[in-house]
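*Asks:* sequence unknown, structure follows:
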């Protein structure tokens, strides 16, 4: 079977373009801005694959429009980018993903791996999207709490 030169060139162009997209890493950003302070909580996804919805996930604290702390979270290998946000106490929050949980202390300006000390933290909302869906923060009035549990196939 003979492949035409035009088809071969087209295949090479598509592969080259997709590898450039993969290397650049498309970014998706969303933020939650608490009423009580000037520090906001952001989550960023950076694409790690040209064709698949796989991302590096980051939690970010932002003050007065400037990033003050950035922490890499558990990577999303496809379909597990979402994270619930809970209030643990005054200016303390928990970001709970499918495979990890992080405590964000806005007063201390820290992000540490762990869970809320309180047994019933208040659900604030969810960071959700990726792929063809817009990445954004949905408040608890927009999206009910969803238990984030991995589902095997």
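*Replies:* Arrived safely. These figures come from a predicted structure and were not determined experimentally.
*Asks:* For residue 117, the count of nearby residues, please.
*Replies:* 11 (other Cβ atoms under 10 Å). (Each C-beta comes from the backbone N, C-alpha and C, glycine too.)
*Asks:* and if you look at residue 126?
*Replies:* 24.
*Asks:* buried set for the host helix or strand of it?
*Replies:* Per DSSP states H and E, residue 126 falls inside strand 122-130. Residues of strand 122-130 classed as buried: 123, 124, 125, 126, 127, 128, 129, 130 (neighbour count, 16 or more other Cβ atoms under 10 Å).
*Asks:* how much space is there between the fourth one and residue 57?
*Replies:* According to Cβ to Cβ, to the nearest Å, residue 126 stands 13 Å off from residue 57.
*Asks:* quick one: common contacting residues for these two?
*Replies:* Counting by Cβ atoms under 8 Å, 6 or more residues apart in numbering, the shared contacts of residue 126 and residue 57 are residue 83.
*Asks:* Bridged to residue 70, which residues?
*Replies:* Assessed by DSSP bridges, residue 70 has beta-bridge partners residue 60.
*Asks:* wait, it sits on residue 60?
*Replies:* Yes: look at residue 70 against residue 60 with Cβ atoms under 8 Å: they come within range, at 4.9 Å.
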